[in-house]
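**Student:** whatever this is, show me its structure:
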Amino acid sequence: MNGYPLLDLFWTMFVFFMWVLWFMLLFRIIGDLFRDDTVSGWGKTGWVILLILLPFIGVLIYLIARGKGMGEREMNRLHANQQAFRTYVRETADSGTASELAKLADLKRQGDITGEEYEQVKAKILAGT
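**Tutor:** Sure thing, here's the model as predicted:
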């Protein structure tokens, strides 16, 4: 019972947590480094060598030197993804399906086509044929 006291358990948990945290930081830094188009290939190589040879010091140096830019680059990437998604949705909505369905509903409302014809054409439009 006395071989592994509670304080040792807490210390082990702390060390394990810090180890996991360091790996998370390392992967985030490597991801940020390779997504950044402003750093040359040689610069990326230098950072990776530093992170491999001196891992703890390399992570700390990267966070001090480029930490503020990490957040800015992440926000710019998120805004670009959101803008691309909005553009895609806008283009998809403007593809004509909505306008075709609106015209079809007008024809039905005016009595030019029956309800059965409306459903048949609507199904064709929605199927994309």
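
**Student:** and residue 6, how far from residue 12?
**Tutor:** Residue 6 is 11 Å from residue 12, where distance means C-beta to C-beta, to the nearest Å. Using the backbone N, CA and C atoms, a C-beta is placed for each residue, glycine as well.

**Student:** check residue 72 too.
**Tutor:** 37 Å.

**Student:** could you do residue 122 as well?
**Tutor:** Residue 122 sits 65 Å away from residue 12, going by C-beta to C-beta.

**Student:** please say which of the two ends up with more neighbours.
**Tutor:** Using other C-beta atoms under 10 Å as the criterion, residue 122 and residue 12 rank with residue 122 on top: 15 against 11.

**Student:** you'd agree that one is up against residue 104?
**Tutor:** Yes. With contact taken as C-beta atoms under 8 Å, residue 122 and residue 104 are classed as touching, separated by 6.1 Å.

**Student:** might you list the low-confidence residue ranges for this protein?
**Tutor:** Low-confidence segments of the chain, defined by pLDDT under 70: 1-3, 93-96, 129.

**Student:** which stretches of it form strands?
**Tutor:** Using DSSP state E, no strands are found in the chain.

**Student:** and the longest helix belonging to the chain, how far from the chain's centre?
**Tutor:** For the chain, the helix with the greatest residue count under DSSP state H is helix 55-93. Helix 55-93 has its C-alpha centroid displaced from the chain centroid by 9 Å (C-alpha atoms, centre = their mean, to the nearest Å).

**Student:** likewise stretch 42-55?
**Tutor:** 25 Å.

**Student:** could you do stretch 11-19 as well?
**Tutor:** In this view, stretch 11-19 has its centroid 29 Å away from the chain centroid, taken as C-alpha atoms, centre = their mean.
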